[in-house]
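[1] Could you work out the structure for the sequence below:
(chains A and B)
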Amino acid sequence: MTLSNMRKNGLILALFAVIATALVVGTEKLTASQIERQAQQQLLSTLNQIIPPARHDNDLYQSCRLLTLPQAQQPSTLYRAWLAQKPQAVAMQVTAPNGYSGAIRLLVAVDNSGYVMGVRVLEHKETPGLGDKIETRKSDWINEFNGKTVKGADDDRWAVKRDGGMFDQFTGATITPRAVVGAVERAVEFIKANPEKVYSDNLPHCQEQHHE
Amino acid sequence: MSEYQQLAKQGLWSNNPALVQLLGLCPLLAVTSTVTNALGLGLATLAVLMGSNLIVSLVRQWVPDEIRIPVFVMVIAALVTVIQLLMNAYVYGLYQALGIFIPLIVTNCAIIGRAEAYASKNPWQTSLFDGFAMGLGFTCVLVLLGAIREILGNGTLFAGAELLLGPWAASLKIELFQIDYPLLLAILPPGAFITMGFIIAAKNVIDKRQKMHAEQPQKSVERARVTAQ
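    Down below sits the predicted model:
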């Protein structure tokens, strides 16, 4: 009696598991391409904010390449803008590992003379109300980078004001802007020093997945 | 009182999931730093609660008692995942505003609590309404908590409402006073615990007053002390 009861319950449980899994898998399959398109559109609109369409005539999304930075474990993603076959700008995905609560992923666009065209935060876990002012929808702090460049290695001005630099910190949150400033500085420094690597024709293409 | 009135009263006050059952405190304390976030989580929870109550009530006759909990867990997890995928694909703006709250809903034991306590024993109509009433009660507490913390921490109300409700809501933002240094305690999780404690205490005081009122202030005889000290 107990045994047959167990068998019956096990079967019912398995049946529910199969139905639930089928529902989730089915929905996943149905929505996958749409979700991919949304993520693509999102990334493209971010790219277009920092590299204006007038500055390039190639497809930014297709221009995606991978480049492994020195001392990095994983390759960084690059989007390169060309106008009449001439390199114009590059947008690089960088990670600031030292945010207040984990890594902050950024997209930094630098033009062909080494000046910042724009920076956007792709992903972060900073404290809501304090550290999240790095998002454009919360404050326009991130635009402070526009038009700036790094002069030489270890430029002292690339720090928050509390550390004697030129970027504002937030009241109640210094660690977040400090991390962002550091990561953007490293990106600009690298791009400025290595244009031949960044605009090289021999870089590997990105995989088709971009979950940004 | 009809069944529905009873359910509404229970969800909103006498058996409120956040204040009395103390369910779902994890997402509640994590995201209620502003009214907008609180409202977002509240609405998402309301929707899931109604959906899960409805499904659980519809399948209850095929689910033996011994395995009901794992079945309900699967139903809820599948439902939340499907909702998240659909929102990600078709209402991307809303997904970006509510997206972070959706996985949090799975951790909300109010959902399984209602499935077990009510929906598994009652027909779908009242179960659906129970989900609505409980969700609404939960949302009210969230919004109250979010409002107190946002005022104390930032001096504003409805900051960022446009992210949830669309561009027109940007004008909803009220700047009550300017704060140079935000009251960090109110924004961080400890502030949520403290505020929550005060809200529960306030509810208990109101309940006690009402009870005393209902009992009518008859002069009760002072009990004489018999035992010696």
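[2] use CA for all of it now, contacts and neighbours both
    Noted.
[3] Could you list the low-pLDDT ranges of the chain?
    All of this refers to chain A. By pLDDT under 70, the low-scoring segments of chain A are A:207-212.
[4] Chain B, not that one
    For chain B (pLDDT under 70), the answer is B:1, B:97-100, B:163, B:179-182, B:216-229.
[5] Could you list the residues of it in contact with chain A?
    B:33, B:63-64, B:66-67, B:70-71, B:74-75, B:78, B:81-82, B:85-86, B:88-90, B:92, B:154, B:160, B:180-182, B:184, B:187 (C-alpha under 8 Å from any C-alpha of the partner chain).
[6] Can you go through the residues you listed and name the buried ones?
    B:33, B:63, B:71, B:74-75, B:78, B:81-82, B:85-86, B:88-89, B:92, B:154, B:160, B:182, B:184, B:187 (16 or more other C-alpha atoms under 10 Å in any protein chain shown).
[7] just the strands in the chain please.
    Let's take chain A. Remark: strands assigned in chain A by DSSP state E are A:65-67, A:76-83, A:86-99, A:102-111, A:116-123.
[8] please go with chain B instead
    B:156-157, B:174-175.
[9] Tell me the strands beside the first one, with direction?
    Sheet pairing for strand B:156-157, assigned by DSSP bridges, gives strand B:174-175 (antiparallel).
[10] ok, residues contacting stretch B:193-202?
    Stretch B:193-202 is contacted by residues B:L19, B:V20, B:L29, B:L145, B:I148, B:R149 when judged by C-alpha atoms under 8 Å, 6 or more residues apart in numbering or on different chains.
[11] In ChimeraX, select just the buried ones from those.
    Burial among the contacts of stretch B:193-202 is assessed by 16+ other C-alpha under 10 Å; the matching ChimeraX selection reads:
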select /B:19,29,145,148,149
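[12] Show me the contacts of stretch B:193-202 that map onto helices.
    B:L29, B:L145, B:I148, B:R149 (DSSP state H).
[13] Pull the distance from the lengthiest helix in chain A to the chain's centre.
    In chain A, taking DSSP H as the definition, the longest helix is helix A:2-50. Helix A:2-50 has its C-alpha centroid displaced from the chain centroid by 26 Å (C-alpha atoms, centre = their mean, to the nearest Å).
[14] Against which helices or strands is that helix packed?
    strand A:116-123, helix B:68-90 (3 or more C-alpha pairs under 8 Å, 6 or more residues apart in numbering or on different chains; DSSP states H and E).
[15] closest to B:G191 out of these?
    strand A:116-123 (25.7 Å; C-alpha to C-alpha).
[16] check contacts around whatever residue of chain B ends up closest to chain A.
    Nearest to chain A in chain B, going by C-alpha to the nearest C-alpha, is B:A89, at a distance of 4.6 Å. With contact set as C-alpha under 8 Å, 6+ apart, B:A89 has these partners: A:T31, A:A32, A:Q34, A:I35, A:Q38.
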